[in-house]
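**Q** Task: produce atomic coordinates for the following.
(chains A and B)
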Amino acid sequence: MHRRDFLTVGKARKKIVAQAATSDSVSPARTLSGINPYTGTWGTNEVIHLLKRTMFGAKKADVDYFGNLTMNQAVDELLNPTASNPAPPVKEYTTSTQPGTPDANIAQGSTWVNDINNDGTVQSQRTSSYKKWWTGTMINQDRSIKEKMIFLWTDHFGNQANEVGVGNWTYKQHTTIRQNCLGNFKQLVRDITIDLSMLRYLNGYLNTAAAPDENYGRELQELFTMGKGPDSKYTEQDVKEAAKVLTGWQINGNTYQTVFTSSRHSPVNKTFSAFYNNTVITGRTGATAGDLELNDLMNMLFAQPEVAKFIVRKFYRWFIYYDIDAATEVNVITPLADIFRTNNYNILPVLSALFKSEHFYDVLNQSCIIKTPADVVIGSIREYAVAMPLASDWNTSYGHWNTLYLYMLIMGLDLHDPPNVAGMPAYYQEPLFHEIWITTDSLPKRNQFTDVMTNSGFSRNGFRMQFDFVAYAKTLSNPGNPNDLIDEALKYLYRMTLSPQVKQQMKTQMLLSGQQYDYYWTNAWSAYIASPTTANFNIVNIRIRDLFRYLMNLSEYQLS
Amino acid sequence: MKRREFLGKSAAVALPALISGYAVKALHQNSPLVQALMGGSTDTDHVLVIIQLSGGNDGLNMVIPISTYSLYNAARTNIAIPENRILPLNGYANTGLHPSMTGLQTMYNEAKLKVIQGVGYPQPNFSHFRATDIWMTASNSNQEVYTGWAGRYLNYEYPNFPTGYPNANAPDPVAIQIGSTATLTTQGPSVNMAMSITSATSFYQLINGTNDPVPATKAGKELSYVRNVAKQTQQYGSTITAAAARVTTQNPYPSNNSLADQLKIVARLIKGGLKTRVYMVSFGGFDTHSLQTTVADTTVGGHATLLGKVSDAIKAFQDDLIFLQIEERVVGLTYSEFGRRVKSNSSVGTDHGAAAPMFVFGKAVEGGVLGDNPIIQPVATVNDNVPMQYDFRSIYSTLLEKWFCLPKTTVQGLFPPTVNNQLQDLPLIKGNTCKTPAPPSTSGVNYITNSPNPFTDKTEIKFSTAGGHTLIQIIDTAGRLIINLLEKEYLTATNDTITFDASHLPTGIYYARFQNGTTQQVRPMLKVR
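**A** You can find the predicted model right below:
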């Protein structure tokens, strides 16, 4: 479908409500640091900064693990995942009992990803199943950046799974992204160009020599490679010519394979503008025409330095901050883009330079990202090491993943279903960018999530998913001392410090229930450790629960 | 304005608001449908202010026995208040107040203060945390309860909160806690019913729209942004700000008194028109294990300062309520998680104890002293506790019934089943407030006696019940409930007897606590070899 249609008709497009709140009272200090290797302190603070930005939350066990490595080792390990791919999503939905029941081939608990089924209801169920599954894979992420890169690239290509309507295709796109998320970006774009979901979503499958559809040809340049920066000067002619290059690709609905139909392909020469040095892509015929011309198109696009800059800016907005001023453009974007290009668009060297740079660890670049709903939901599940059902218990697992998925949804993040092909507004919508995540509607829902997970959690099939702060506190070094407990909790949960007065108030009001002596907490904690009865548990749990609930309700918690 | 009036007036101006889809305007405000739609919410503009004294207040040095002064003095010579310094109470010679509590003495003499002696519960717990939780949940000592007593009450009045709130019936927070986190007291079945106002400071920020400074960094910019949104999402932020803004003048309050600071906010919000029913404030520092008084002068020192602040703050609050012309609407109470031991320790302090006096204050309060001076043994031992005369849940239940005008059966449903028919109607609130209360207890009558006394194995307890629910509890000197010896409904007034078999119990003093309607009396019994 055409993005322009969305913009005009407004279908499925969530309106971006301008915030009444303004944030211009503070003029942020700027930093001139660049991508020279960081040589400063490598301590817990830096580890947590790195992990919160590259994973979902900084789990204490991970902080401890990476803290034992050097910075270079830590970044290298984050960028080179070794875990195998997760088991594919399974049929956890209930098949319709109507006569002629579709989807009867797949038993519940078995994967549907290889089963072809063109029933709309079944595919809608599979799309939903996929979103729950993805939530689960985020929770189960290994010690690497991989899941966040999948999140990033899925957003980058902006497909709406519900609109595509075929869960199998969405899952296939996911595996394509998973395969290439830390590989070669040029290859990724090429793969996605003829990906089933993308062909469907941006009408590539309708693009023929007789009636070229420019939709993908436009977004390929505007959104996926060149962007709309000041030096991106492709023309309408370039859109049309790219569309012609891409004619002839189709979807085989019986095999779920991309096919190239040469008779639908435009055999004429495609002539591009001066921006592309008047490149002419030779028109071809026959079965290989589509592939060959696509190769030429990729080579032409990726010869443009703007591609590297556009993508590096995207990385910057995901991992550092949304505002890119002139100094950052010179000191960070340009040199990283050079690395990207000279490494033939391999993703790892750029990320490696970024996460090892003095700019990344610059104190002024810490604590300034507003958490995404995934950072809040998945991050908290991981940081508190919330017990989840066994993978073999797919019914309970998918139920809980669905709860978490739905919470992200009401906070403004629908996995693999952005408001439109441009992706999530937090990464492009000026001037608010990340601030778009926080609204008078979404902020109370963030609080509601952490409150409910604190108070009662969610129960399914007798398995309760809930924050257990007592168990969490046991992993800290000195939970019996209320001051140490608060300091250490803040160290892992917050990226900003709190004043001694605020910490004192929290201790007295919550951990001490108004008592003035620290040893009352210490005694209660010791009594619980010595004898973990329900009564002793409740005494510490009521208080520690209040503390953590409060910590997660303060504005500071929303920053990463 | 009463809430019904509020509803009526709103309806008169073509109220667009709907309750469950019904236009209120179309219906008479007293129609059963409107009543039903209002979820059983009781018509009252009454406010309860709960003052928590954290740490375990030494009640015996706050409400001091004069009639048994020598026993009191003997048990805690190093901290005993000199008899001639005890503040007397008009018309009640048996008992007086700590010399720093002149404000409350005045309120007592004006019949605006009720002193309830020996408030506690069976099987007292001596841990601050657990005891606090018991007071807040109104649970039994051995029972884990996860909701607060006021939370259950407010949940009854405002069902499904916070879904659908604020609304025309409940435009304001249903409870307000001055403090950073809502306490267990207002924890409802699913959510906490109270809105917390973080501190006096942030309260004024809310009113004046000022912000904590944030660092001039990117992080500071984003923090400022989130805070701004958070402020807008304070559902009740604007109503509180507006209420506070309506009150520009208040009577003076003492300075350097955090309880006074908190009560000043409460008075301002009540006068400002909030329909909030319950306010909670807290004041700490009562954990006086050592140097509770100075060595040289037992009338000064840490505890005296605390009690002085409590007295000054409550008196200033009451004077402000008069000044603001809302005195009729407000009743307050003080409680602490426990009292302290009868016998003082050698550190010039007192250790964790059991029952203690409570204050209930306000214009609607029926003044006087309820209950007797605590029983103090001639030779107090280290484990001696003030025996319970009144179960604290009877104070809560009486206030719910007589101040918040709830039906008795509803009130009973808010308390643990094991105690809900033991709850007493106590003469705390003046008769015309909701309806005529039961007559107050009489004094000088022996409702319960025992013979022989002292005894060796068994003793026969004689008691006079006026009919109805009658309870006899046996309690030891540490405050522990030994047994509910008798719990029975009598159809008519009866003189009856029951035998207390103590053959399996160690020698020593046992208290037989008699409870019948509003009456209670404690009888000491001595078991000897």
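
**Q** drop to CA atoms for contacts and neighbour counts, all remaining ones
**A** Noted.

**Q** quick one, phi psi at the residue in the stretch 351-500 of chain A positioned nearest to chain B?
**A** Relative to chain B, the nearest point of the stretch 351-500 of chain A is residue A:368 (3.8 Å; Cα to the nearest Cα). With angles defined as degrees, to the nearest 10, residue A:368 sits at phi -110, psi 0.

**Q** nearest residue to it other than its sequence neighbours?
**A** Distance criterion Cα to Cα, 6 or more residues apart in numbering or on different chains; nearest residue to residue A:368, sequence neighbours excluded, is residue B:219 at 3.8 Å.

**Q** mind exporting whichever helix or strand the one you found is part of as PDB, just the C-alpha atoms?
**A** Following DSSP states H and E, one finds residue B:219 within helix B:218-233. The C-alpha atoms that make up helix B:218-233 are tabulated as PDB, following Å, rounded to 0.1, in the frame of the first residue of the first chain:
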ATOM      1  CA  LYS B 218      20.500  16.200  27.700                       C
ATOM      2  CA  ALA B 219      19.500  13.900  30.600                       C
ATOM      3  CA  GLY B 220      18.200  16.900  32.400                       C
ATOM      4  CA  LYS B 221      16.200  18.000  29.400                       C
ATOM      5  CA  GLU B 222      14.500  14.600  29.200                       C
ATOM      6  CA  LEU B 223      14.000  14.400  32.900                       C
ATOM      7  CA  SER B 224      12.300  17.800  32.900                       C
ATOM      8  CA  TYR B 225      10.100  16.600  30.000                       C
ATOM      9  CA  VAL B 226       9.000  13.400  31.700                       C
ATOM     10  CA  ARG B 227       8.300  15.300  34.900                       C
ATOM     11  CA  ASN B 228       6.200  17.800  33.100                       C
ATOM     12  CA  VAL B 229       4.100  15.100  31.600                       C
ATOM     13  CA  ALA B 230       3.900  13.300  35.000                       C
ATOM     14  CA  LYS B 231       2.600  16.500  36.500                       C
ATOM     15  CA  GLN B 232      -0.100  16.700  33.900                       C
ATOM     16  CA  THR B 233      -1.100  13.100  34.500                       C
END
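
**Q** Show me where the stretch 151-300 of chain A has its helices.
**A** Here the stretch 151-300 of chain A has its helices, by DSSP state H, counting those that start in this stretch, at A:161-164, A:167-180, A:185-193, A:196-201, A:215-219, A:236-245, A:289-302.

**Q** Using TSV, please lay out the ones you listed together with distance to chain B, mean pLDDT and mean neighbour count.
**A** TSV is the format used below for the helices of the stretch 151-300 of chain A (distance: least, Cα to the nearest Cα, whole Å; pLDDT from 0 to 100; neighbours: other Cα atoms under 10 Å in any protein chain shown):
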stretch	distance to chain B	mean pLDDT	mean neighbour count
helix A:161-164	30	95	19
helix A:167-180	31	98	21
helix A:185-193	30	98	18
helix A:196-201	35	97	24
helix A:215-219	31	94	22
helix A:236-245	38	96	22
helix A:289-302	33	98	19
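
**Q** among these, which is nearest residue A:383?
**A** helix A:167-180 (23.7 Å; Cα to Cα).

**Q** next one: that closest one to chain centre, how far?
**A** Averaging C-alpha positions (Cα atoms, centre = their mean, to the nearest Å) puts helix A:167-180 15 Å from its chain's average.

**Q** and if you look at stretch B:222-234?
**A** With Cα atoms, centre = their mean, you get 36 Å for stretch B:222-234.

**Q** which residues touch residue B:175?
**A** Going by Cα atoms under 8 Å, 6 or more residues apart in numbering or on different chains, residue B:175 touches B:186, B:193-195, B:276-280.

**Q** Sort out which of those residues are in strands and list them.
**A** B:194-195, B:278-280 (DSSP state E).

**Q** ok so, going back, just give me the closest of the contacts of residue B:175 to residue A:396.
**A** residue B:193 (31.5 Å).

**Q** And the closest one, how far from residue A:276?
**A** 64 Å (Cα to Cα, to the nearest Å).

**Q** Counting neighbours, go ahead and name the busier of those two.
**A** Remark: of residue B:193 and residue A:276, residue B:193 carries more neighbours, 30 against 17, as counted by other Cα atoms under 10 Å in any protein chain shown.

**Q** Hmm, the more buried one is touching residue B:153, no?
**A** No. Using Cα atoms under 8 Å, residue B:193 is not in contact with residue B:153, being 9.8 Å away.

**Q** picking that back up, tell me the helix or strand right after the helix holding residue B:219.
**A** helix B:237-245.

**Q** Residues contacting that following helix, please?
**A** Outside of helix B:237-245, the residues within contact range by Cα under 8 Å, 6+ apart are B:172, B:206-207, B:231, B:268-269, B:271-274.

**Q** just the contacts of residue B:175 now: which is nearest residue B:57?
**A** residue B:280 (17.6 Å).

**Q** Please tell me how far the closest one sits from chain A.
**A** 13 Å (Cα to the nearest Cα, to the nearest Å).

**Q** in chain A, which spans are strands?
**A** Listed in chain order, the strands of chain A (DSSP E) span A:249-252, A:257-260, A:270-271, A:280-281, A:458-460, A:463-465.

**Q** Restricting to C-alpha, output the second one in CSV.
**A** When you say that, I think you mean strand A:257-260. Extracted in CSV, the C-alpha atoms of strand A:257-260 (Å, rounded to 0.1, in the frame of the first residue of the first chain):
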residue,chain,number,x,y,z
GLN,A,257,8.3,-18.0,-2.3
THR,A,258,9.4,-14.9,-4.2
VAL,A,259,9.3,-15.5,-7.9
PHE,A,260,10.5,-13.3,-10.8
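
**Q** Buried residues, it. List them.
**A** Neighbour counts using 16 or more other Cα atoms under 10 Å in any protein chain shown place A:258-260 of strand A:257-260 among the buried residues.

**Q** how about the helices of the stretch 151-300 of chain A in a markdown table, adding distance to residue B:398?
**A** Shown next, in a markdown table, are these (distance: least, Cα to Cα, whole Å):
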| stretch | distance to residue B:398 |
| --- | --- |
| helix A:161-164 | 58 |
| helix A:167-180 | 62 |
| helix A:185-193 | 72 |
| helix A:196-201 | 67 |
| helix A:215-219 | 71 |
| helix A:236-245 | 80 |
| helix A:289-302 | 80 |
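
**Q** among those, which is nearest residue A:429?
**A** helix A:215-219 (16.6 Å).

**Q** Show me what the closest one is packed up against.
**A** Helices and strands touching helix A:215-219, by 3 or more Cα pairs under 8 Å, 6 or more residues apart in numbering or on different chains; DSSP states H and E, are helix A:236-245.
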